[in-house]
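Undergrad: The following comprises the amino acid sequence and a computationally predicted model.
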Amino acid sequence: MTRYRLLVAALSIACCACTHKDTATQLRAKAFGTSIVEVSGEKQAAGIGSDLDQPVIVQVNDAKGAAVAGALVEFLSGGSTKFSAEKGLTGADGQLTTNVTLGGSPGIYQISARTRDSGGKPVEVKITEVALGYRETLGKELSDFYCSRCHDTESTAERVSNHDNLSVPPHLFSDGATINSMTDENLTAIITHGGQALSRSAEMPPYGNTLKKSEIDALVSYIRAIADPPYHPHGIIYASN
């Protein structure tokens, strides 16, 4: 019994020591900025519960716009979003990087990156990401395979963009300002029968013999999911908070 009590006492002391150590090593800001901005990683789309392809990077600046090293930044989000680093101190470039795993529900996720100025006032930047459901994920896969070469201006190691080589540059699928005005029926017609179906560019080929109807529907769902500004179907009233 005496040996058991000694063991319990030793474990209690060890736990207290660990707790004290954790508290002592908590991150504390070494410097303060007046603003925080997104450097890269915004407006990505991935399947629910998936990791975003690119990390989210933010930067803390002072009143003159110079990078601030040693500023404490915290990443926040509702739902079940996870971060590889929920908080940390900015590096010599004033930046902090985190990898993001989206939550388990499809929709738009808003991430906040927050720091504080020298007076303790919170300063934050909001970053939007999109979690895709099953149908939207299928649409993304189809877009990557069939559409992105022309509808994406950025070239990658796997794909060289053809966007600027066309006489009428195609709209980006995320171009909500333009595509949101089109009905699902019109998008389906263009994908199925080509641009000429709606008196658009003949350089947009028809995919009706390549894709199934369910695949075209998935592609339309993906386009709706990544629209910026977000797509709101006509005739539906959205309550304001």
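TA: Nice, thanks for sending it over.
Undergrad: going forward, measure contacts and count neighbours with C-alpha atoms only.
TA: Noted.
Undergrad: Dig out what the residue most central in space within the chain forms beta bridges with.
TA: The chain has Glu129 as the residue nearest its centroid, 2.7 Å off, counting by C-alpha atoms, centre = their mean. Note on Glu129: beta-bridge partners Tyr109, judged by DSSP bridges.
Undergrad: can you pull the contacts of it?
TA: Neighbouring residues of Glu129 by C-alpha atoms under 8 Å, 6 or more residues apart in numbering: 42-45, 108-111.
Undergrad: For the residues you listed, pick the one with the most neighbours.
TA: Ala45 (24 neighbours; other C-alpha atoms under 10 Å).
Undergrad: Does that residue touch Val130 like I think?
TA: Yes - assessed by C-alpha atoms under 8 Å, Ala45 is found in contact with Val130 at 4.6 Å.
Undergrad: Tell me the residues that contact both of these two, please.
TA: Residues touching both Ala45 and Val130 by C-alpha under 8 Å, 6+ apart: Ile226.
Undergrad: Centre of the chain to stretch 35-53, how far?
TA: Computed by C-alpha atoms, centre = their mean, to the nearest Å, the chain-centroid distance of stretch 35-53 equals 3 Å.
Undergrad: how about that stretch: buried residues?
TA: Neighbour counts over stretch 35-53 (16 or more other C-alpha atoms under 10 Å) mark 35-38, 41-52 as buried.
Undergrad: Would you mind pulling the contact partners of that stretch?
TA: 54-63, 99-106, 113-115, 123-125, 127-134, 137, 226.
Undergrad: can you check stretch 56-70 too?
TA: Under the criterion C-alpha under 8 Å, 6+ apart, residues 29-42, 71, 89-100, 113, 115 lie in contact with stretch 56-70.
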